[in-house]
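Visitor: curious how this folds, go ahead:
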Amino acid sequence: MRNQSNAILKNNASNQKEARSARFNVVNSGAMLEPLSARSVKGNATTRGRKSNGQDDTSSSNDFVIRDTFSIPPKEYGKIEVIRMRLAREGYIYSKSEVIRAGLLALDAMHNKEMVMRLNAVEKVKPGRKI
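Guide: Residues are numbered from 1 along each chain as shown. Have a look, this model is predicted:
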């Protein structure tokens, strides 16, 4: 089990290095200079390394992705990696972005009262400030 977990983690690290290298190549090629609406997602790269559930998760409603920045306390940011490692131990590999987007889907599925309760539990932070 331990060897399997180590192999999964090494594979995940290798995939992340490849993805980071690919992102830098896109930026260096000047593709990022195109207008946002002209950039489209090619293929479905988010399914790499996942167990297949037999469902097609491609979406035609998202022609492009939006890049944004946000502030998050270190403790909460660390939870993203904890969740990713928990899933990796089960053989599922997800990016930080996918974990956050799944959280948004979970919030969206809640009733308003429960959503407000969860959001009230989130600490208010000022962007770029020390906690």
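
Visitor: point to the helix or strand of this structure where mean pLDDT is at its lowest.
Guide: helix 2-29 (a mean of 66; mean pLDDT, DSSP states H and E).

Visitor: could you chop this structure up by domain?
Guide: 1-35, 67-124 (automatic domain parsing).

Visitor: got those as TSV, with distance to Lys130 columns?
Guide: C-betas here are computed from N, CA, C, even on glycine. Below are the domains of the chain laid out as TSV (distance: least, Cβ to Cβ, whole Å):
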stretch	distance to Lys130
domain 1-35	28
domain 67-124	10
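
Visitor: redo those as JSON lines? Include mean neighbour count.
Guide: Compiled in JSON lines, the domains of the chain are given as follows (neighbours: other Cβ atoms under 10 Å):
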{"stretch": "domain 1-35", "mean neighbour count": "11"}
{"stretch": "domain 67-124", "mean neighbour count": "12"}
